[in-house]
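Chemist: whatever this is, show me its structure:
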Amino acid sequence: MNGGVNGVALGVFIFFFIAVTVMGFLAARWRRSDSEQSLDEWGLGGRSFGTWVTWFLLGGDLYTAYTFVAVPAAIYASGASGFFAVPYTILVYPLIFTFLPRLWSVSHKHGYVTTSDFVRGRFGSKGLSLAVAVTGILATMPYIALQLVGIQAVLDVMGVGGDESTNWFIKDLPLLIAFAVLAAYTYSSGLRAPALIAFVKDGLIYLVIAVAIIYIPIKLGGFDAIFHAANEKFATPNPATGKPVGSLAPAPAGQWTYATLALGSALALFMYPHSITATLSSRSRNVIRRNTTILPLYSLMLGLLALLGFMAIAAGIKVQNGQLAIPQLFEDMFPDWFTGVAFAAIGIGALVPAAIMSIAAANLFTRNIYKDFIKPDATPEQETKVSKLVSLLVKVGALAFVLTMDKTVAINFQLLGGIWILQTMPALVGGLFTRWFHRWALLAGWAVGMVYGTLAAYGVASPTQKHFGGSAKEIPGIGEIGYIGLTAFVMNVVVTVVLTFVLKALKAPEGVDETSAADYTADAGDPGVLKKLPEATAGTGGH
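Modeler: Here you go, the predicted structure:
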C-alpha cells in the first residue's frame, strides 16, 4: 500500500462526493407531491418511478459498494468459487418475473408499503407479519454496515484517516462525515435521494469497469498472463492444510456448495426489504416486468467486475485484508485522477444502497411494529416522522457495528442475514399465489428455519474463527456440503406443508384474507387502485 495521502485521488473523490450530496438534498424537490408527509412519498418516492429510474434504483440497490469490493476479493482469495454471484444474479430475474408484478399490484391496490403489510393482509396474522418484519430488520442491519466497510476500504487505500496508531476519532472522522451526510439527505429527501444519485453511481461504475477490463490487461500482458499468474497462485499449497489455496474452476467436492449457494442466494435476494422498497416505488406493474428483462445487464457488468480478482493477483497486489485488494489494484494501475473516479464509484456505490436499506428497515418498524402494536391510530404524518427517526437510528447502529467490531464479524452477520431472510419466502411468495398455507404453519416453519440456520451457522468454524466461519455445512441426509440457508428453507417448507395439513384437519381458525384474486393483476389505471396519497394512507390496507 502506498504511503501518505493520494491527494489527487482524494480531490476527485471529494468532488464527486460533494456533487452527490447536493443531488441528495435537491432530490427533495424532485417530483414533489402536495402531500409530502406520508410513507408513500418519503419511503416509496410517491410510487411514481418509471422504467429507467427504477432500473437505476434497483441496480444501485442490488449492486452495492460491497459487491464492487467483495466479489473480486473472493476470487482474489480463493478463485472461481467466488463467481457464484454471477449465476445467482442470472437465476434471480426469471424468478422475480413470476411474482414481483403480483406483489406490486396487490400492494398498490391496498396501499401496502412493506412485505409485512402484505403478509398481515393476506393471512390476517399480526404475529406472522411481525416475524417477517423483525427478520427483515435483522437481515438489513449488517448489510448497511458492509456498505460503510466499502467506504472505509477506499479511505484506507487513499491514506485518509491515518494508521492503526492514530487516535480513533481522527482515524474514523472521514467515515463519520460520510455517515452524517448520508443520514441528513436521506432524512430530508427519502427514497428520492438514492433514486437520483443512482444515475451517477451506476454511470461511474460502468465507466470504471469498461476502462479497467481493457486498460489493466494491456498493462499486465493480456488475459493469458493474468490467468497463468492466478493458476500459479491457486496451485500453491496452504501451509495449514497442505491443499491448494484455490482453483480456476470449482473442484468436484465444492460443486454442491457452489450450486446451492447460487440458488439460495437467488431465492433470497428479493426477499430483502430494500429490494422490495425499490420495486414498490415503480408506477406500474409493466415497469417491473420490463426491469426484469433489462436488469441482467448488471450481471454482465458483475462478470467483468469479478475478473478484477484475477488481475489483482497478476499485478502482484499483497494485502492483509482481502477487501483492500481491488482499491489497491486501482491505485497501483491507474493514473491518480482516474483512481479518484474509481474510488468515487465505490464510495457512491455505498451511499445509494445504504440509504435505501435504512429507509426499508425504518418502514418495516413503523408500519409493522409501531403502527400494529404501539400506536394503531398513528396518522400518516406520525408514521413518516417515526420512519425518518428510525432510519437515523438504523444508520447509527450500522456505524457503531463497523467502528466497534472486527470487519469479519460484519461479513459473517451479513451471511447470517441471507440465511434468515430466505425464511420469509414461504409467507411472501407462497402467499402471492395461494391462500392454502395456514398462518400458524407458516410461523412454525419460519421458526424452524431460523433456529436451524442460526445454530448451523454458529457451528461452522474457519481457520480464523471458531463460530460463524462460513455459510456452508453438510446437508442432513445427503452428506454433501451445501448452503445452510437453502437447507433451512427446505426444512421451513416441509414443516409448513405438514402442519398446514394437520391444522386444516383440526379446523384451526384461519385469519381473514383482505385481498381478492383480481388484486394480484391490477394495474395503476384500473378502477379502485391507489392513485392519490390520502387513499393509500387512510387505512392499513383495506379496500
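
Chemist: C-alpha from now on. contacts and neighbour counts both.
Modeler: Noted.

Chemist: could you pull out the helices for the stretch 351-500 of the chain?
Modeler: 380-404, 407-422, 425-433, 439-458, 484-505 (DSSP state H, counting those that start in this stretch).

Chemist: who's in contact with the fourth one?
Modeler: To tie it back to what came earlier, the one meant is helix 439-458. Helix 439-458 is contacted from outside by 123-125, 127-128, 131, 416, 419-420, 423-424, 426-427, 467-473, 484-485, 487-489, 491-497, 499-500, 503, 510-511, using Cα atoms under 8 Å, 6 or more residues apart in numbering.

Chemist: so for that helix, what gets flagged as buried?
Modeler: Residues 439-450, 452-454, 456-458 are the ones in helix 439-458 that count as buried (16 or more other Cα atoms under 10 Å).

Chemist: ok, the shortest one next?
Modeler: Under the neighbour-count criterion of 16+ other Cα under 10 Å, helix 425-433 has 425-432 buried.

Chemist: got the end-to-end distance for stretch 433-440?
Modeler: End-to-end distance for stretch 433-440: 18 Å, by Cα to Cα, to the nearest Å.

Chemist: before we move on, back to that, for the buried residues of helix 425-433, which one is nearest Ile216?
Modeler: Nearest to Ile216, judged by Cα to Cα, of those is Met425 at 41.4 Å.

Chemist: show me the shaky parts of the protein.
Modeler: 1-3, 31-36, 161-171, 240-241, 405-410, 463-464, 525-543 (pLDDT under 70).

Chemist: nearest residue to the middle of the chain?
Modeler: The chain has Leu62 as the residue nearest its centroid, 5.3 Å off, counting by Cα atoms, centre = their mean.

Chemist: was I right about it contacting Ala354?
Modeler: No. Applying Cα atoms under 8 Å as the test, Leu62 and Ala354 come out as separate, 10.6 Å apart.

Chemist: which elements pack onto the host helix or strand of Gly203?
Modeler: Assessed by DSSP states H and E, Gly203 sits inside helix 192-220. Here helix 192-220 touches helix 7-26, helix 51-62, helix 168-189, helix 223-235, helix 296-306, helix 308-314, helix 336-365, going by 3 or more Cα pairs under 8 Å, 6 or more residues apart in numbering; DSSP states H and E.

Chemist: any idea of the angle that helix forms with helix 7-26?
Modeler: Orientation check (axes from the mean of the first three to the mean of the last three Cα atoms, to 10 degrees): helix 192-220 against helix 7-26 gives 160 degrees.

Chemist: show me which positions of helix 192-220 end up buried.
Modeler: Applying 16+ other Cα under 10 Å to helix 192-220 flags 192-202, 204-206, 208-209, 212-213, 216-217 as buried.

Chemist: check the offset of it from the chain's centre.
Modeler: Chain-centre distance of helix 192-220: 19 Å, with Cα atoms, centre = their mean, to the nearest Å.

Chemist: with stretch 482-491 instead?
Modeler: Distance, stretch centre to chain centre, for stretch 482-491: 19 Å (Cα atoms, centre = their mean).

Chemist: now swap in stretch 311-321 and tell me
Modeler: Its chain's C-alpha centre and that of stretch 311-321 lie 27 Å apart, by Cα atoms, centre = their mean.

Chemist: quick check: what element follows the helix or strand harbouring Ile276 along the chain?
Modeler: Element membership of Ile276, judged by DSSP H and E, is helix 273-280. Downstream of helix 273-280, the first helix or strand assigned by DSSP H and E is helix 285-294.

Chemist: just the buried residues of that following helix, please?
Modeler: For helix 285-294, the neighbour count (16+ other Cα under 10 Å) marks 285-289, 291-292 as buried.
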